[in-house]
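Novice: build me a model:
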Amino acid sequence: MKEISFKNDVLPLKDKLFRLALRITSNREEAEDIVQDTLIKLWNQRDEWSAIQNMETYSMTVCRNLALDSLNKRERQNISLDETVHDQPDISRTQDEALIRQQQMDSIQAIIQQLPEKQRTIILLRDIEEKSYQEIADIMGVSLSDVKVNLFRARQTVKTKINKS
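Specialist: Residues are numbered from 1 along each chain as shown. So this is what the prediction gives:
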């Protein structure tokens, strides 16, 4: 078993952890806090690292769980989840093209946010984070076939809703 180094094995994952937390919470500050909490939790568990087979998968699982906890807490407090994340417009496009592209991205993001939590997380891990089916199954603690079925359903829902608009 490889010796795990916080500096070399955990810290380089912070950008991936941030993207995952941001996609789940749609709130930049909250995602930053979740990444920090994830890193602290991982550091505090350093005595148990020898039992971890894949540090990236484990880290993503911890981050996902913390993000979902945060999202559930926010929902219980009845705070609006309408806040969206906006990408910087591509300066090589005309303003009209950039506006149309942004509206399409906002529409897709809104559709994804309406998916059930399991489908939303799977589609984000697969299509945004480009995780393998097996990595997603490990992160989410579900079977490989469950990942494939939920990904198919999520994509079908997104496709159907896009075609309706």
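Novice: host element of the residue sitting nearest the centre point of the chain?
Specialist: With distances taken as C-alpha atoms, centre = their mean, the residue of the chain nearest its centroid is Leu20 (2.7 Å). Element membership for Leu20, per DSSP states H and E: helix 14-25.
Novice: what helices or strands is that helix leaning on?
Specialist: Using 3 or more C-beta pairs under 8 Å, 6 or more residues apart in numbering; DSSP states H and E as the contact test, the elements touching helix 14-25 are helix 28-44, helix 55-76. Bear in mind the C-beta positions are built from the backbone N, C-alpha and C, glycine included.
Novice: the first one: how far from the chain's middle?
Specialist: Between the mean C-alpha point of helix 28-44 and the mean C-alpha point of its chain there is a distance of 14 Å (C-alpha atoms, centre = their mean, to the nearest Å).
Novice: now it: average pLDDT?
Specialist: When the per-residue pLDDT values of helix 28-44 are averaged, the result is 92.
Novice: CA-only coordinates of that helix in CSV, if you can.
Specialist: What follows is helix 28-44, C-alpha atoms only, in CSV (Å, rounded to 0.1, in the frame of the first residue of the first chain):
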residue,chain,number,x,y,z
ARG,A,28,-19.4,29.6,-4.2
GLU,A,29,-18.8,30.6,-0.6
GLU,A,30,-20.6,27.5,0.7
ALA,A,31,-18.5,25.3,-1.7
GLU,A,32,-15.3,26.9,-0.4
ASP,A,33,-16.4,26.1,3.2
ILE,A,34,-17.2,22.5,2.2
VAL,A,35,-13.8,22.0,0.7
GLN,A,36,-12.1,23.4,3.7
ASP,A,37,-14.2,21.1,6.0
THR,A,38,-13.4,18.2,3.7
LEU,A,39,-9.7,18.9,4.0
ILE,A,40,-9.9,19.2,7.8
LYS,A,41,-11.9,16.0,8.1
LEU,A,42,-9.3,14.2,5.9
TRP,A,43,-6.4,15.6,7.9
ASN,A,44,-8.1,14.5,11.2
